[in-house]
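Q: Just the structure for this:
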Amino acid sequence: MYIQLQDAVSFLNSPLTATVLCVVAVFIVLAWSTVPSTVPDLPGPRGWPIVGSIFQRGSDPAETYLQWSKIYGPVFRVRLGDKWVIVINSADSVEELLVSSQYAATFQSRPMPYTLAKLLGGASRRAITLGTSPYDDDLKAKRRLAIASVSPAISRLYDPVVERAVQYFVRIFNTASTTGGPVDPAPLFVDGSAVLNLTIICGASVDNAATLLRDSPHPMKRLGQFVYNVLYGRTNADRYDRVRNINGHMRDYLPFLRVLPDGKMFKEAVTVAKYRSLRLTELLDRIKRLHHDGSAPPCAIISILKESREEISEESLTSFANTMVSSGLDSHLPNTLLWGLGILASRKDIQDKAYQSILRQDELGDAMNFDRDNYLFAFVKELGRYFNTFRLGLARETIGKDLVWRGHFIPQGTTVLCNTHAMNRGKGFKPVVNSMHFVHKELYAIYKQILLNWSISIYDGEREFDAIKGCADGFDFNQAPKKYRVTLTVKDQQKLDAYLKANI
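A: From the prediction side, this is the model:
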């Protein structure tokens, strides 16, 4: 008996036992610290201890959620670390939960993830966008102004501005093609989209917008949801260090990782946030002076200043500007253009039909129903649906109260994701919003001038452009196609030269 007791004591005092006990203790602490405080009463995948279903989402979370919706229904829950997240996968469910008067008010807010909150603390609240702002009266007012600034009636005032920016697109494509070799369209679309957004939103001239951000200390993507692996030589090691990517910053879901030092990309993002806010403030100061003098060009900021019944704070105006230019600086518009150009270059039949529709539109003018009969415009709208670069919409958060939906309990403070990738492939798709119509017009104007001036062919790289298999990285919040290059063959050099010399 004494020997057995002595053996037991020796075993407990051994290094191996101490190690095992420490591991067990750490596991228990981590499991306890990552248990969500409230649980939505919805079906969903079981998940693992501590991390939940973070690693079960695979390389393309939006596609995984779509497949899970076939098992658990159009609305299900998934645990990501210490958070329960509700994923909505059908247009009908979005209509009921986010639009109907019965539930919509509960889903109006946005969560403030740990990483984004830390970024704003290190930079400025001016770096925040409307899509990442918690719900309050100020946000409601800014949303109304933002919607008004891109209404069909107001956006028609921007047509000359769009034409000047499109001429810049043609100029940089022409410069790239004169080298005689293949053209990588990705950096050209990033450059042109930044110019387009800064001119339309902030009233900058094309020349000013083209050089405004050239001295950025780091790529603008540091603030965005997407990192151009192919442009900046990044690897998948960066995957979990994307500042605003709702798919992947692990510290937002696993609090114990926050003791680790900040990564290089996060530090660069803080620097870029300060830089971008400074540049936008300079543009806003300029456009306000011109507005006061009565000489301001048409732009979204001027529309807001005219529409607003109350004085808008500097912070709110810069936040609005950050929101509106983000689609150009953070890759939504460039990525959409990349998908479309790839389809046009790889499918000569589609390219020829689009070109003929442009000629027919120019010939018939107003006699042709633009929305119904123009093939290129239909292509642009379908491009936005099928190759939606935002596979998952910006996260929402339930506020105000707990709710019961169809017998399912959803607690206050629950994060909600809209799987637009799934909705765009299901029944009840409803894409009509003012801002999207304006984006469609921008895309149409850009593709129109490219097709009028060049024949496009794929040189190398991606050729299939499958909306799922053709993504550069399914984990990115903003989806781009795999890298490709094109050859551009000028159709009429004299017409191209005349267009570039024209004073638009």
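Q: Find the least confident helix or strand in the protein, judged by mean pLDDT.
A: One helix or strand of the chain scores below all others by mean pLDDT, DSSP states H and E: helix 229-232, with a mean of 30.
Q: Can you name the secondary structure element that comes next after that helix?
A: As assigned by DSSP states H and E, the chain's next helix or strand after helix 229-232 is helix 264-293.
Q: Tyr253 contacts Val78, correct?
A: No. Counting by CB atoms under 8 Å, Val78 is not a contact partner of Tyr253; they are 11.1 Å apart. (Glycine included, C-beta is placed from N, CA and C.)
Q: tell me, what's touching the two both at once?
A: Taking CB atoms under 8 Å, 6 or more residues apart in numbering as the contact criterion, the common neighbours of Tyr253 and Val78 are Gly52.
Q: out of these two, which sits in the more crowded spot?
A: The residue with the greater number of neighbours, taking Tyr253 and Val78 and applying other CB atoms under 10 Å, is Val78; the counts read 26 against 21.
Q: Name the SS class of that one, please.
A: Secondary structure state of Val78, per DSSP: H, G, I helix; E, B strand; the rest coil, is strand.
Q: what residues are up against it?
A: Val78 makes contacts with Gly44, Pro45, Gly47, Gly52, Ser53, Tyr65, Trp68, Trp84, Val85, Val87, as judged by CB under 8 Å, 6+ apart.
Q: Okay, now the unreliable bits of the protein?
A: Segments of the chain classed as low confidence (criterion: pLDDT under 70) are 1-37, 119-132, 217-248, 309, 325-331, 366-371, 427-435.
Q: So which residues of this protein form strands?
A: According to DSSP state E, the chain carries its strands in the segments 75-80, 83-88, 396-397, 403-405, 408-410, 415-418, 454-461, 484-490.
Q: Now do the longest one against strand 484-490, angle only.
A: Using axes from the mean of the first three to the mean of the last three CA atoms, to 10 degrees, one finds that strand 454-461 and strand 484-490 are set 150 degrees apart in direction.
Q: Given strand 454-461, what are its sheet partners and their directions?
A: As defined by DSSP bridges, the strand partners of strand 454-461 come to strand 484-490 (antiparallel).
Q: and if you look at the fifth one?
A: On the basis of DSSP bridges, the sheet neighbours of strand 408-410 come out as strand 403-405 (antiparallel).
Q: re the thing from before, can you list the contacts of Val78 in a markdown table and add distance to Arg360?
A: Supplementary listing: the contacts of Val78 in a markdown table, determined by distance: CB to CB, whole Å:
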| residue | distance to Arg360 |
| --- | --- |
| Gly44 | 50 |
| Pro45 | 51 |
| Gly47 | 55 |
| Gly52 | 54 |
| Ser53 | 51 |
| Tyr65 | 41 |
| Trp68 | 45 |
| Trp84 | 53 |
| Val85 | 48 |
| Val87 | 43 |
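Q: So which of the residues you listed is the closest to Thr38?
A: The nearest member of these to Thr38, counting by CB to CB, is Trp84 at 7.2 Å.
Q: wait, isn't that closest one in contact with Leu417?
A: No. Counting by CB under 8 Å, Trp84 sits too far from Leu417 to count as a contact (11.4 Å).
Q: excluding its backbone neighbours, what's nearest Asn453?
A: Spatial nearest neighbour of Asn453, chain neighbours left out: Leu496 (4.9 Å); criterion: CB to CB, 6 or more residues apart in numbering.
Q: ok, now which ones touch the one you found?
A: By CB under 8 Å, 6+ apart, Leu496 lies in contact with Val170, Asn174, Asn453, Val490.
Q: Output those residues as CSV; include the columns neighbour count.
A: As requested, the contacts of Leu496 are arranged in CSV below (neighbours: other CB atoms under 10 Å):
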residue, neighbour count
Val170, 19
Asn174, 18
Asn453, 21
Val490, 15
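Q: out of those, who's nearest His437?
A: The shortest separation between His437 and any of the contacts of Leu496 is 23.3 Å, and it belongs to Val170 (by CB to CB).
Q: does that closest one really touch Tyr447, like I thought?
A: No. With contact defined as CB under 8 Å, Val170 does not count as touching Tyr447 (11.3 Å).
Q: which residues are in contact with stretch 153-162?
A: Under the contact criterion CB under 8 Å, 6+ apart, stretch 153-162 has outside partners 148, 196, 199-200, 297-300, 303, 434, 437-438, 441-442, 445, 504.
Q: Stretch 279-296 too?
A: With CB under 8 Å, 6+ apart as the test, stretch 279-296 has contacts from 126, 198, 202-204, 212-213, 297, 299, 301-302, 305, 314, 317-318, 321-322, 325.
Q: How far away from the center of its chain is that stretch?
A: Taking the mean of its C-alpha atoms, stretch 279-296 sits 28 Å from the chain's own mean (CA atoms, centre = their mean, to the nearest Å).
Q: Can you list the buried residues in it?
A: Arg279, Leu280, Thr281, Leu283, Leu284, Ile287, Lys288, His291, Ala296 (16 or more other CB atoms under 10 Å).
Q: where's the third one relative to Ile301, distance?
A: Separation of Thr281 from Ile301 (CB to CB, to the nearest Å) stands at 12 Å.
Q: can you check the second one too?
A: According to CB to CB, Leu280 and Ile301 sit 10 Å apart.
Q: Could you do Lys495 as well?
A: Computed as CB to CB, the Lys495 to Ile301 distance reads 35 Å.
Q: again, but for Gly47
A: Using CB to CB, we find Gly47 at a distance of 45 Å from Ile301.
Q: okay, those two: which has more neighbours?
A: For Gly47 versus Ile301, neighbours defined as other CB under 10 Å are more numerous around Ile301 (25 against 18).
Q: Nearest spatial neighbour of that one, chain-adjacent residues omitted?
A: Once its chain neighbours are removed from consideration, Ile301 has its nearest residue in Ile287; the separation is 5.3 Å (CB to CB, 6+ apart).
Q: Repeat that for Lys448.
A: Taking CB to CB, 6+ apart, and ignoring the residues beside it in sequence, Lys448 has Ile358 as its nearest neighbour in space, at 5.4 Å.
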